[in-house]
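Colleague: Got a sequence here, can you model it:
(one chain, ligands or ions: 2)
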Amino acid sequence: MASNLKNLSDYSGKNVVDISNKRFAVVVAEWNDQVTGALYAGALDTLLQHGAKKEHIVTTYVPGTFELSLGAQWQAEQHEIDAVICLGCVIQGETRHFDFICDAVANGITQVGLKYGKPVIFGVLTTDNLKQALDRSGGKHGNKGDEAAITAIKMLGIKK
Ligand SMILES: Nc1c(NC[C@H](O)[C@H](O)[C@H](O)CO)[nH]c(=O)[nH]c1=O
Ligand SMILES: CC(=O)[C@@H](O)COP(=O)(O)O
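Modeller: Residues are numbered from 1 along each chain as shown. Ligands and ions are numbered 1, 2, ... in the order given. Predicted structure coming up:
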């Protein structure tokens with residue numbers, strides 16, 4: 001369902017479990033930091049609102065979205081990490097570079113989750129322009145950082 005039909009910050013309460021002892025890694029891309037900073041604020045707030053302890057949230061930064069996959073692997077390979085949340089924002093420029101980054105990071109993040117059997121969440125905006133990104137990082141369509149955090153929580157509820 002397109003974001004303009006479903007607010008990114010709305011979610012059902014199903015599979016929302018006690019996360020007071022769960023440890024989260026949040027990996028944030030520095031590119032478009034006006035947007036990724038807002039995504040991070042949303043994700044952090046959502047984790048804390050649902051009972052995560054601040055001392056159980058490890059935050060690291062990578063240069064760009066392309067580096068999120070390796071940044072996520074460095075976190076997921078640590079036994080004590082229960083879930084990884086990846087936050088980035090790729091905005092279409094004049095060339096096809098956008099396509100290569102988006103494809104690489106979607107596949108890379110997927111492979112990390114499968115390799116370590118842990119939720120590794122794709123909290124990446126892939127937009128045509130800055131306005132679309134701002135609308136989805138705390139604007140009229142909600143915050144994909146919220147969505148990424150609640151997705152991590154719900155996946156932990158599903159994983160036995
Ligand atoms: N154009 C955007 C980038 N480009 C940088 C890449 O992510 C990567 O860091 C570089 O290709 C070196 O490997 N990154 C974003 O996160 N967002 C963009 O819009
Ligand atoms: C997604 C990008 O890497 C892009 O913003 C770079 O811009 P351009 O395609 O004009 O080089």
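
Colleague: what's the neighbour count on D82?
Modeller: Neighbour count for D82, taken as other Cβ atoms under 10 Å: 19. For every residue, glycine as well, the C-beta is placed using N, CA and C.

Colleague: Is it in contact with Y116, as I believe?
Modeller: No: D82 lies out of contact with Y116 (Cβ atoms under 8 Å); the separation is 10.6 Å.

Colleague: How about residues contacting whichever helix or strand D146 is part of?
Modeller: Assessed by DSSP states H and E, D146 sits inside helix 144-158. With Cβ atoms under 8 Å, 6 or more residues apart in numbering as the test, helix 144-158 has contacts from 8-9, 11, 14-17, 19, 22, 24, 38-47, 50, 82-87, 119, 121-125, 136-137.

Colleague: Of all the residues in it, which ones are buried?
Modeller: Buried residues in helix 144-158, counted by 16 or more other Cβ atoms under 10 Å: 144-156.

Colleague: Can I get that helix in PDB? Just the C-alpha atoms.
Modeller: The C-alpha trace of helix 144-158 is given here as PDB (Å, rounded to 0.1, in the frame of the first residue of the first chain):
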ATOM      1  CA  LYS A 144       9.700   5.400   8.300                       C
ATOM      2  CA  GLY A 145      12.000   5.300  11.400                       C
ATOM      3  CA  ASP A 146       8.900   4.600  13.500                       C
ATOM      4  CA  GLU A 147       7.900   1.900  11.000                       C
ATOM      5  CA  ALA A 148      11.400   0.300  11.100                       C
ATOM      6  CA  ALA A 149      11.500   0.200  14.900                       C
ATOM      7  CA  ILE A 150       8.000  -1.400  15.300                       C
ATOM      8  CA  THR A 151       8.900  -3.800  12.500                       C
ATOM      9  CA  ALA A 152      12.000  -4.900  14.500                       C
ATOM     10  CA  ILE A 153       9.900  -5.300  17.600                       C
ATOM     11  CA  LYS A 154       7.200  -7.300  15.800                       C
ATOM     12  CA  MET A 155       9.700  -9.600  14.200                       C
ATOM     13  CA  LEU A 156      11.300 -10.300  17.600                       C
ATOM     14  CA  GLY A 157       7.700 -11.300  18.800                       C
ATOM     15  CA  ILE A 158       7.400 -13.700  15.900                       C
END
